[in-house]
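K.L.:
A structural model of the following input is requested.
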Amino acid sequence: MNPVAKSINDGIYQENPYVYEMMSSYGKHIYFSKEGNVKQIADAAEKSEKFNATSGFATDHGEPIYLNVIHDTLPFYDPKDIFFYVSTLGIPELRKAWAKKMLEDNPSLRGKKFVNPIGTIGLTNGLSIIADLFVDEGDIYILPDKKWENYRMIFGVSKKGKIVTFPMFDENNHFNCLAFKQAIFSQKSKGKVIIILNFPNNPTGYTPTEQESQDIVAAIRDSAEAGINVIAITDDAYFGLFYGDSIEESLFGRLANLHPRVLAIKVDGATKEEYAWGFRVGFLTFGVNSEKMEDLLEQKVMGVIRTTISNGPHPSQTFVLHALQSPELKAQKEENFEIMKRRAVKIRELMNSGKYDDAWGCYPFNSGYFICLKVKSVNADQLRMHLLNEYGVGTIALSDTDLRIAFSRIDEENLEDLFNNIYKGAKDLQLQPK
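P.N.:
Residues are numbered from 1 along each chain as shown. Modelled structure (predicted):
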């Protein structure tokens with residue numbers, strides 16, 4: 001058991017042993033990590049007076065980036081589209097509209113069989129449903145070493161799955177397809193693995209190239225042909241934010257219907273794709289081999305939804321449906337995308353300038369909201385706190401060496417100042433007496 005969880009449990013027992021006895025095994029294992037993103041984001045909210053590059057939502061000069069097709073029309077909806085309960089699986093028209101969008105955005109998905117996207121309360125709810133349905137205690141879930149921290153809570157702490165990681169990048173800074181395949185085959189005796197493919201990746205902002213994508217799919221196909229049952233989850237939270245040198249579609253299209261032993265599952269949503277973080281509208285989609293399987297999996301998901309959240313929020317699903325149906329959506333999304341792309345281009349220029357090379361290296365990035373620095377000669381969390389206390393700059397420390405920067409929060413004209421401040425903070429610590 002995690003030491004933090006044990007400490008909390010001991011405190012509860014001292015205050016009221018009967019409450020401790022009431023807790024489930026899951027309840028005893030869950031905890032709030034003092035080193036996690038939520039705590040670090042709270043630290044930044046308190047102290048980052050200059051720049052806050054922590055949490056993953058996008059701003060423009062301090063204001064949220066949003067779509068007018070959503071913002072301008074809130075007073076005009078029919079009450080029946082807001083106040084009634086929504087269908088357990090989501091608004092039917094929204095599900096169809098999202099399926100149409102998926103087909104337009106993912107050429108490799110055309111001609112494949114898949115469940116009509118199921119509405120969830122954000123992507124985390126979709127991942128949790130997957131964990132409920134497919135993860136038993138001791139099951140293996142495979143991730144790169146650069147990963148979103150909440151996977152461990154959803155699949156590990158909650159369901160007692162066992163994480164197996166592999167180095168995300170090889171010595172040439174390419175996606176480590178060989179290590180990925182080896183991680184899968186190392187679990188052949190188990191007969192089942194859960195694979196999570198998060199691209200654009202949080203925290204690095206990386207999406208595989210075409211060749212890397214082919215190698216990833218081939219590794220999964222080879223493992224299935226070797227007798228391993230593979231649950232292949234594509235977490236596409238930052239889908240669409242591709243800035244060059246990567247595929248520009250989800251791997252779900254290539255994995256759906258790949259092999260009878262491969263169950264491809266796509267988790268995505270309006271959170272980042274439609275710049276609607278607070279709406280909490282996500283989708284869960286299964287690749288299937290028949291219409292009957294589609295119905296059976298929908299029934300399974302309905303059972304989970306009914307016993308946990310009952311159903312999703314009607315108003316926010318209505319807002320997203322309106323946006324998807326608006327002729328202005330494409331132009332507005334392109335305008336926001338260009339803001340993000342210009343920031344990525346600027347960061348690439350700064351990272352390639354050489355001026356920061358003695359303080360950090362930068363993991364490959366070509367997409368999404370984030371970049372990840374590998375700091376040199378200093379501890380990343382010490383640097384995070386030093387940046388907060390001395391420079392008013394908020395970042396996320398992921399390990400002793402890795403520092404995540406959410407450039408989605410920083411205006412283009414301020415990026416150089418941001419990295420100059422991080423550089424100054426790193427040099428301060430490097431020069432401190434040992």
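K.L.:
if I pick residue 305, what's in contact with it?
P.N.:
88, 89, 129, 311, 312 (C-beta atoms under 8 Å, 6 or more residues apart in numbering). Bear in mind the C-beta positions are built from the backbone N, C-alpha and C, glycine included.
K.L.:
So for stretch 415-427, mean pLDDT?
P.N.:
For stretch 415-427, the mean pLDDT works out to 98.
K.L.:
Redo the contacts of residue 305 as TSV? Include pLDDT and neighbour count.
P.N.:
Converted to TSV, those look like this (pLDDT from 0 to 100; neighbours: other C-beta atoms under 10 Å):
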residue	pLDDT	neighbour count
88	89	18
89	93	21
129	90	23
311	88	17
312	93	25
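K.L.:
mind listing which of those residues are in strands?
P.N.:
Among the contacts of residue 305, the subset assigned to strands under DSSP state E is empty.
K.L.:
farthest-separated two in those residues?
P.N.:
Using C-beta to C-beta, the contacts of residue 305 span at most 13.1 Å, a distance reached by 129 and 311.
K.L.:
What residues are bridge-paired with residue 118?
P.N.:
According to DSSP bridges, the partner residues bridging residue 118 are residue 284.
K.L.:
Which of the contacts of residue 305 lies at the shortest distance from residue 46?
P.N.:
Nearest to residue 46 among the contacts of residue 305, with distances taken as C-beta to C-beta, is residue 312, at 32.7 Å.
K.L.:
Once you drop chain neighbours, what's closest to the closest one?
P.N.:
Nearest residue to residue 312, sequence neighbours excluded (C-beta to C-beta, 6 or more residues apart in numbering): residue 119, at 4.9 Å.
K.L.:
Could you report the separation of the one you found from residue 310?
P.N.:
Distance, residue 119 to residue 310, using C-beta to C-beta, to the nearest Å: 13 Å.
K.L.:
Quick one: residues contacting residue 257.
P.N.:
By C-beta under 8 Å, 6+ apart, residue 257 lies in contact with 112, 113, 264, 287, 288, 289.
K.L.:
switch to 10 Å and redo it
P.N.:
Going by C-beta atoms under 10 Å, 6 or more residues apart in numbering, residue 257 touches 109, 111, 112, 113, 114, 264, 287, 288, 289.
K.L.:
Let's see which of these end up in strands.
P.N.:
Counting by DSSP E, the part of the contacts of residue 257 found in strands is residue 264.
K.L.:
which of the contacts of residue 257 are buried?
P.N.:
With burial judged by 16 or more other C-beta atoms under 10 Å, the buried subset of the contacts of residue 257 is 109, 112, 114, 264, 287, 288.
K.L.:
The first one contacts residue 117, doesn't it?
P.N.:
No: no contact is recorded between residue 109 and residue 117 when judged using C-beta atoms under 10 Å, the distance being 11.6 Å.
K.L.:
From the chain's centroid, how far away is stretch 123-142?
P.N.:
Counting by C-alpha atoms, centre = their mean, to the nearest Å, stretch 123-142 is centred 15 Å from the centre of its parent chain.
K.L.:
now the strands: where do they sit in the stretch 1-150 of the chain?
P.N.:
For the stretch 1-150 of the chain, the strands defined by DSSP state E, counting those that start in this stretch occupy 51-52, 59-60, 63-64, 118-121, 140-144.
K.L.:
Would you list the strands that the longest one pairs with, along with their directions?
P.N.:
Here strand 140-144 has these sheet partners by DSSP bridges: strand 162-166 (parallel), strand 192-198 (parallel).
K.L.:
Generate TSV for those, with mean neighbour count as supplementary columns.
P.N.:
Shown next, in TSV, are the strands paired with strand 140-144 (neighbours: other C-beta atoms under 10 Å):
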stretch	mean neighbour count
strand 162-166	16
strand 192-198	23
